[in-house]
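Trainee: what follows is a protein structure lacking sequence information:
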């Protein structure tokens, strides 16, 4: 499964409403309010990168309140085992 992490700058008066609207997009699995240069972080998971591109351009970036964005793609997922070592997750 392809995963993208989207950092979003949002109109400060619309952060909560924008976050709620993003969660209505089926491919968006999580939305976090964050500190720093960006206001929200959204995680998108789809079967392919092409599907992620479609979700971002056709839905996510058309959401009211979004001013700017930066997209990152996750290459590999790791999880922590009970002994504290990282393992790759499919």
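Mentor: Yep, it's here. Bear in mind that the values here come from a model prediction, so they are computed numbers and not experimental data.
Trainee: so what strands line up beside whichever helix or strand residue 78 is part of?
Mentor: Assigned by DSSP states H and E, residue 78 belongs to strand 77-80. Sheet pairing for strand 77-80, assigned by DSSP bridges, gives strand 86-89 (antiparallel).
Trainee: which secondary element of this protein has the worst mean pLDDT?
Mentor: Ranking every helix and strand in the chain by mean pLDDT, DSSP states H and E puts strand 86-89 at the bottom, with a mean of 68.
Trainee: so which residues of this structure form helices?
Mentor: 15-23, 49-58 (DSSP state H).
Trainee: dump those to JSON lines, plus mean neighbour count and distance to residue 41.
Mentor: Where you see a C-beta, it was placed from the backbone N, CA and C, and this is true even at glycine. As requested, these are exported to JSON lines (neighbours: other CB atoms under 10 Å; distance: least, CB to CB, whole Å):
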{"stretch": "helix 15-23", "mean neighbour count": "16", "distance to residue 41": "10"}
{"stretch": "helix 49-58", "mean neighbour count": "15", "distance to residue 41": "14"}
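Trainee: of all the ones you listed, which one is nearest residue 30?
Mentor: The minimum distance between residue 30 and the helices of the chain falls on helix 15-23, with 8.5 Å, by CB to CB.
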